[in-house]
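Trainee: have a look at this prediction, sequence included:
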Amino acid sequence: MGKDHGPSIKDDERYEALREDGMSKEKAARIANTPPDEMADRGGPGSYEDWTMEQLYEKAKDVGVEGRSDMTKEELIDALRG
């Protein structure tokens with residue numbers, strides 16, 4: 001388990017992972033404090049694992065991810081989150 005950031009951070013593990021990826025403290029906190037079901041409603045990062053390859057590919061196409069046709073599911077998710 002990640003470091004305990006107190007009551008201001010609801011998901012410490014997600015916060016730590018986002019910070020390790022270089023995200024600002026404010027943005028990482030905002031995402032870590034967003035419930036997964038609300039993120040799914042927004043089409044946010046928390047929902048990508050539940051998407052099919054076709055859905056991920058179409059989203060990557062919409063946002064202009066290059067090389068998407070050769071990517072695995074995990075690579076598409078990383079590209080969409082990046």
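Mentor: Sure thing, it's come through.
Trainee: longest single helix anywhere in this structure?
Mentor: Scanning the chain for the longest helix, with DSSP state H as the assignment, gives helix 53-63.
Trainee: figure out how far it is from the centre of its chain.
Mentor: Centroid separation between helix 53-63 and its chain, computed with CA atoms, centre = their mean, to the nearest Å, is 15 Å.
Trainee: so after that helix, what's the next helix or strand?
Mentor: helix 73-81 (DSSP states H and E).
Trainee: run through who's touching that following helix.
Mentor: For helix 73-81, the surrounding residues in contact (CB atoms under 8 Å, 6 or more residues apart in numbering) are 45, 48-49, 53, 56-57, 59-60, 63, 65, 68, 71. Where C-beta positions appear, they are placed from N, C-alpha and C, glycine not excepted.
Trainee: now do 7 Å
Mentor: 45, 48-49, 53, 56-57, 59-60, 65, 68, 71 (CB atoms under 7 Å, 6 or more residues apart in numbering).
Trainee: likewise for stretch 24-39?
Mentor: In contact with stretch 24-39 (CB under 7 Å, 6+ apart) are residues 9-11, 14-15, 18-19, 45-47.
Trainee: okay, now the domains of the protein?
Mentor: Domains of the chain are assigned by automatic domain parsing as 1-33, 43-82.
Trainee: lowest average confidence across those, which one?
Mentor: Mean pLDDT per stretch puts domain 1-33 lowest among the domains of the chain, at a mean of 79.
Trainee: give me the distance from that one to the chain's centre.
Mentor: 12 Å.
Trainee: now do stretch 59-73
Mentor: Mean C-alpha position of stretch 59-73 versus that of the full chain (CA atoms, centre = their mean) differs by 15 Å.
Trainee: can you put the contacts of helix 73-81 in TSV and add neighbour count and distance to Thr34?
Mentor: Formatted as TSV, those follow (neighbours: other CB atoms under 10 Å; distance: CB to CB, whole Å):
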residue	neighbour count	distance to Thr34
Pro45	17	9
Tyr48	20	14
Glu49	11	15
Met53	11	25
Leu56	23	20
Tyr57	17	25
Lys59	18	18
Ala60	20	22
Val65	19	23
Arg68	18	26
Met71	18	26
